[in-house]
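**Q** Whatever this is, show me its structure:
(one chain, ligands or ions: 1)
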Amino acid sequence: MSSSLVAAAAVTSLLSHGFDTSIETHRARISTATDLSYGREETLSLLDELSTFESGRFLLKNQGLDGEWISYLILDAPLREDLCPLEHWMVHRAPSALATRARFWIFQEVMTARLQDNMRIASVPCGLMEDLLHLPTQGLANIALVGIDLDENALKMAAENAQSKGFHNASFIQKDAWDLGEENAYDLLTSSGLNIYVTDPVRHEALFESFFKALKPGAVLVSSFWTPPPALNPASPWVDVDPQDALKQKVVFKDIIGAKWQNFDMPGTITAQLTRIGYKDIQILPDPNWIMPTVVATKP
Ligand SMILES: C[S@@+](CC[C@H](N)C(=O)[O-])C[C@H]1O[C@@H](n2cnc3c(N)ncnc32)[C@H](O)[C@@H]1O
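**A** Prediction:
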């Protein structure tokens with residue numbers, strides 16, 4: 001089977017990007033904000049600095065990240081030596097960036113341990129599908145990868161990514177993650193970077209339910225979630241996070257960019273949601289700072 005791209009009839013809205021917020025809009029908001037953590041001049045100067053590099057401009061415009069920029073943050077940016085000071089901080093010190101990268105490698109370990117012949121594996125939303133295309137599937141028989149995303153551009157790039165990595169048994173489907181329209185279809189399903197945009201707990205749980213339906217009995221979900229920073233919840237599980245970096249992250253991502261990834265859950269909330277749906281053997285595997293834990297759960 002070769003790579004294929006299928007568009008579903010109805011699509012709903014992209015939660016992570018696709019907005020068109022101007023720098024002037026950010027400047028106006030910052031100019032009147034009453035809850036800034038740095039002084040206004042310093043905040044405005046960071047806004048100007050963000051607009052000098054591409055990932056900063058994407059974040060300002062979209063207030064979130066698409067699959068391409070997540071891939072850049074995880075795999076490419078850490079190797080670059082030409083980053084300006086603010087992008088260097090975002091890539092090498094921002095606690096959420098470090099957690100995002102740690103989470104990627106924890107997913108790899110968890111999924112690698114479960115790989116066997118004859119598996120159909122999905123990534124929802126797939127972005128560039130790096131999570132599946134990095135798995136050591138060579139030598140296994142009959143592995144089919146399915147990338148599902150609402151963003152047509154992400155699907156095209158994921159298909160190119162699969163081709164360039166020499167993986168031919170991959171298909172790509174444009175669908176809303178809440179409406180997969182498939183039952184008992186996958187042996188393994190991975191999902192990261194979407195629920196962080198969903199602040200309504202009912203809708204958040206509905207996403208895990210959509211994955212539950214799509215999994216085969218005995219199959220495993222590998223997902224993740226943000227935990228709340230101590231400034232938002234005194235019971236935050238964060239450990240060993242430099243308070244200056246935590247504060248700067250709040251300034252850059254919330255005060256300036258107004259990032260839309262504002263859903264934070266305690267591990268107990270995630271376990272309760274998954275249990276209500278019917279998942280079993282729920283495991284929470286933390287990154288070193290307990291910022292973006294991985295959750296592994298089985299459909300009985
Ligand atoms: C932050 S990226 C994460 C991509 C990938 N999971 C990763 O970790 O590289 C978020 C992805 O969610 C997709 N997305 C946003 N809203 C969606 C929806 N309602 N249904 C399916 N995908 C969606 C975006 O197109 C984007 O590829």
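
**Q** from here on, contacts and neighbour counts on C-alpha atoms
**A** Noted.

**Q** Which residues of the protein lie near the ligand?
**A** 13-16, 65-67, 70-71, 125-127, 149-151, 154, 175-177, 191-194 (C-alpha under 6 Å from any ligand atom).

**Q** which ones among those are found in helices?
**A** Gly67, Ile70, Ser71, Ala154 (DSSP state H).

**Q** burial measure for His168, as a count.
**A** 17 (other C-alpha atoms under 10 Å).

**Q** Apologies, that question was intended for Phe107.
**A** Residues lying near Phe107 (other C-alpha under 10 Å) number 24.

**Q** cool, and Trp89?
**A** Neighbour tally, Trp89, other C-alpha under 10 Å: 16.

**Q** picking up where we left off before, kindly supply the ChimeraX command isolating those of the ones in helices among the residues of the chain next to the ligand that are buried.
**A** Entered in ChimeraX, the line below selects the buried ones among these, by 16 or more other C-alpha atoms under 10 Å:
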select :67,70,71,154
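
**Q** ok, the ones in helices among the residues of the chain next to the ligand vs Leu135, which is closest?
**A** Lowest distance from Leu135 to those (C-alpha to C-alpha) belongs to Ser71, with 14.9 Å.

**Q** Who are the contact partners of the closest one?
**A** Contacts for Ser71 (C-alpha atoms under 8 Å, 6 or more residues apart in numbering) come out as Leu128, Glu130.

**Q** how about the strands in the stretch 101-250 of the chain?
**A** 119-123, 143-149, 170-174, 186-191, 215-224 (DSSP state E, counting those that start in this stretch).

**Q** what comes into contact with the fourth one?
**A** Applying C-alpha under 8 Å, 6+ apart, the external contacts of strand 186-191 come out as 111, 119-126, 131, 211, 214-216, 218-224.

**Q** coming back round to it: reformat the strands of the stretch 101-250 of the chain as CSV; add mean neighbour count and mean pLDDT.
**A** Shown next, in CSV, are the strands of the stretch 101-250 of the chain (neighbours: other C-alpha atoms under 10 Å; pLDDT from 0 to 100):
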stretch, mean neighbour count, mean pLDDT
strand 119-123, 22, 98
strand 143-149, 24, 97
strand 170-174, 23, 97
strand 186-191, 24, 98
strand 215-224, 22, 98
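
**Q** Could I get the ones you listed in JSON lines, plus columns for distance to Glu87?
**A** Output for the strands of the stretch 101-250 of the chain, formatted as JSON lines (distance: least, C-alpha to C-alpha, whole Å):
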{"stretch": "strand 119-123", "distance to Glu87": "28"}
{"stretch": "strand 143-149", "distance to Glu87": "27"}
{"stretch": "strand 170-174", "distance to Glu87": "32"}
{"stretch": "strand 186-191", "distance to Glu87": "26"}
{"stretch": "strand 215-224", "distance to Glu87": "25"}
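
**Q** from the residues of the chain next to the ligand, which would you call buried?
**A** Listed as buried from the residues of the chain next to the ligand are 15-16, 65-67, 70-71, 125-127, 149-151, 154, 175-177, 191-194; burial here means 16+ other C-alpha under 10 Å.

**Q** Could you look up the SS state of Val296?
**A** strand (DSSP: H, G, I helix; E, B strand; the rest coil).

**Q** Nearest residue to it in space, ignoring adjacent ones along the chain?
**A** Among residues not flanking Val296 along the chain, Val222 sits closest, at 4.7 Å (C-alpha to C-alpha, 6 or more residues apart in numbering).

**Q** Tell me which residue lies nearest the centroid of this protein.
**A** What sits nearest the mean C-alpha location of the chain, by C-alpha atoms, centre = their mean, is Gly193, with 1.8 Å.

**Q** wait, what's in contact with the residue lying closest to Phe225 once chain neighbours are set aside?
**A** Closest residue in space to Phe225, ignoring its immediate chain neighbours: Met292 at 5.4 Å, by C-alpha to C-alpha, 6+ apart. By C-alpha under 8 Å, 6+ apart, the contact list for Met292 reads Ser96, Ala99, Thr100, Arg103, Ser224, Phe225, Trp226, Thr227, Pro286.
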